[in-house]
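Visitor: Need the 3D shape of this:
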Amino acid sequence: MQRCGAVMPVGSVRAADRLSCTRPCGGNSAEARAREPHPAPPRGALPPRRARSSGTRFVYARPAMPSRHAIPRASRAWLLCLLTWLAPGAVHAQSAADALRGIAAAAQLPGLRWPRFPDHAGTLAALYEPRAWAPLWLDGGGEPNAPAREAIEVLQEAALHGLEPDDYDAQWLATEAERLGDERESPPDRQARFDAALSVALLRHVSDLHVGRVNPRTVKFDYDVAPKQLDLAVYVADAVRDDRVRDAVAAAAPVLPQHRLLEEQLARYREIAADASLAPLAIDLRTAKRRRVAPGDPFEEGAALSKWLIALGDLPPDAPAAPLVLDGALLDALRRFQARHGLDPDGVIGPATARALAVPAPVRVRQIELALERLRWIPPLDDTRVVFVNVAGFQLSAFDRVGPDEGPVLQMAVVVGKAARTQTPVFAGTMRTVVFAPYWHVPRSIVRNEILPKQASNPGYVASQNMEIVMGRSAVATTPESLAALAAGDARLRQRPGPRNSLGRVKFLFPNEHDVYLHDTPSQSLFQRARRDFSHGCIRVADPEALARWVLGPEGWDAERVAAGLALRRELPVPLAKPFPVVIHYTTALARRDGTIAFYPDIYGHDAALERALAGGYPYRP
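Guide: A predicted model of the protein is given here:
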């Protein structure tokens, strides 16, 4: 079986090439060329391209090419005669087509960073078959065409989107395009290799921008990206045909406003990371004299803290000179920093704040890149209302519509599942029902692990919690027999509506296999904490009345009617005539419309899991 990249269709032109070759046998083979190092061009180097309105100009040095005088005069004349007689254009077109077929069949291109592409082999065939396997990115003379130049430029700019240009062999493609442009007649297998490599790179890039590199379900994110998939062969072919490669790639990116905001913050934090004069602040709190720094305390690191907080945007550049105590503008900036990093904004530099101040900018850059990857997994959100919960940030945001310039109309704190045992799952659902004065149907795991042990030690526990055992459709008395049925799974336990009900006065249902929903809670004190992972997996909301007004407003409910619903003592389900999406998400970096960004601890370890998945490279697990 032939190896991809070593396909060598034999014809008179190649035979003549071998006859005139003065190098050792095999030195001009595709395999030998594949082993040759590819010199990296200057950063941003591209083949020549027509001028565009952006005014961008790429300058690069062309590699030295052998002079025509290096070929003996007799050989030149003989070769010119032979090439004219054989009509080489037709021979090369056929040979390049054969080579492209071989590459697609092998599903690999040795020499590239990620040579195997079984996930795109079928797409590559679908891209070339309608054009009889003719090169897509070369003109009739074998030189890279205008769409090829634009595609390579887009791949070189992949870092702007939190992606890695080397994953798409962007610099190698730029160098190879330069070489093909300089050669009067390049070998067909070389043309095919370049053409296929650029196609695979762009297919990957468009897919990566649109649905991400990693399948979210392999890292415990229950998002289904299949409905989002593009017909990549048609998408790329249309882009090339219409000469709009850049526009097509841009259109593949998420339309969520968070995507644009994160890209802006990515550029800003990369600038911070590249500034050698900036460094995170290391504050030693391990000495016997200083376990923390409180407002008003002497603080000799004030100048260093001021410089770091100015760079991060928490302290204005024209702030007064750094004091020798922690107060004034510096203290206010520290509190802003704490609030952005999921910490209590108390102005005290304790261990948690000291750790956050010591995080280098490249670490924050990576958090933003991971946030962008996850954002591409979110299911399509049409022009509709949506509730968005960020588990890592303990926050709910409600949007009247999704669009590039739309912001939340309602935000509130939430309590989510415990990191150790009962993590809140990540998934998307559809809000369908609001239930006032809800029963709490106690999950079997809680019955088994918490309720029954407490009932065994205190026979009045179930009754004291306003709970009842249900068999069939009827509530029954709490007896040894009914408790035995409850333990065996033949009965259910529920808590009656009332002020002590664990779900509070209202719950919001978006049916899902995880049995997770939003709800009120009688335990309001937990909302005052910075870290709020205390639930069994469901999501408690800080302001259920405001959320009920927003959800039910389009259903004809005004504030007075919502207040009456919250005062009920008998369960009242309210089906929604206009259901809408609910997205339970997880991100440790969230950009804000005011130009700032919040970073949160990776309480569930999802960042670490995604890092491991990305380290595997292409092709990622299906």
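
Visitor: and the gap between Arg190 and Ala146?
Guide: According to CB to CB, to the nearest Å, Arg190 and Ala146 sit 20 Å apart. (Glycine included, C-beta is placed from N, CA and C.)

Visitor: quick one: which of these two has more around it?
Guide: Arg190 (20 against 16; other CB atoms under 10 Å).

Visitor: tell me the SS of the more buried one?
Guide: helix (DSSP: H, G, I helix; E, B strand; the rest coil).

Visitor: isn't it right up against Leu180?
Guide: Yes - using CB atoms under 8 Å, Arg190 makes contact with Leu180 at a distance of 7.3 Å.

Visitor: where exactly do the helices run in the stretch 401-550 of the chain?
Guide: Taking DSSP state H, counting those that start in this stretch, the helices of the stretch 401-550 of the chain run over residues 444-446, 452-457, 461-464, 480-488, 544-552.

Visitor: neighbours around the residue nearest to Gly537 when sequence neighbours are not counted, how many?
Guide: Computed as CB to CB, 6 or more residues apart in numbering, the closest residue to Gly537 that is not its neighbour in sequence is Gly417, at 4.1 Å. If you count neighbours by other CB under 10 Å, Gly417 ends up with 21.

Visitor: Please work out how many residues are found near the spatially closest residue to Arg561 that is not a sequence neighbour.
Guide: Spatial nearest neighbour of Arg561, chain neighbours left out: Leu552 (7.9 Å); criterion: CB to CB, 6+ apart. The local packing of Leu552 (other CB under 10 Å) involves 18 other residues.

Visitor: ok, now which ones touch Leu552?
Guide: When contacts are counted by CB atoms under 8 Å, 6 or more residues apart in numbering, Leu552 touches 434, 561-562, 574.

Visitor: Can I take it that Leu203 is in a helix?
Guide: Yes - according to three-state DSSP, Leu203 belongs to a helix.

Visitor: quick one: contacts for it?
Guide: So Leu203 contacts 120, 123-124, 127, 232, 236 (CB under 8 Å, 6+ apart).

Visitor: And the helices of the stretch 401-550 of the chain: which comes nearest Pro511?
Guide: Proximity of the helices of the stretch 401-550 of the chain to Pro511 was assessed by CB to CB; the nearest stretch is helix 544-552, lying at 15.3 Å.

Visitor: Which positions in the helix or strand following that closest one come out as buried?
Guide: Remark: after helix 544-552, the chain's next helix or strand is helix 559-566, criterion DSSP states H and E. By neighbour count, with 16 or more other CB atoms under 10 Å as the criterion, the buried positions of helix 559-566 are 562, 565-566.

Visitor: Over to stretch 350-360?
Guide: Buried residues in stretch 350-360 (16+ other CB under 10 Å): 350, 352-354, 356-357.

Visitor: Contacts for that stretch next, please.
Guide: Stretch 350-360 has contacts (CB under 8 Å, 6+ apart) with 273, 279-283, 285, 291-292, 305, 308, 334, 337-338, 341, 343, 349, 599.

Visitor: still on that earlier bit, and which of the buried residues of stretch 350-360 is nearest to Pro522?
Guide: The shortest approach to Pro522 among the buried residues of stretch 350-360 belongs to Ala352, at 28.8 Å (CB to CB).

Visitor: so how far is the helix or strand that closest one falls within off the chain centroid?
Guide: Taking DSSP H and E as the criterion, Ala352 maps to helix 351-357. Mean C-alpha position of helix 351-357 versus that of the full chain (CA atoms, centre = their mean, to the nearest Å) differs by 26 Å.

Visitor: who does the helix or strand that it is followed by touch, helix- and strand-wise?
Guide: For helix 351-357, the following helix or strand on the C-terminal side (DSSP H and E) is helix 361-375. Packing contacts for helix 361-375, counted by 3 or more CB pairs under 8 Å, 6 or more residues apart in numbering; DSSP states H and E, involve helix 257-274, strand 589-591, strand 597-599, helix 606-615.

Visitor: avg pLDDT for helix 361-375?
Guide: Across helix 361-375, the average pLDDT comes to 98.

Visitor: Name the residues of that helix that come out as buried.
Guide: Neighbour-count burial for helix 361-375, counted by 16+ other CB under 10 Å, picks out 361, 364-375.

Visitor: Please apply the same query to stretch 159-175.
Guide: By 16+ other CB under 10 Å, the buried positions in stretch 159-175 come out as 161-163, 165, 167-175.
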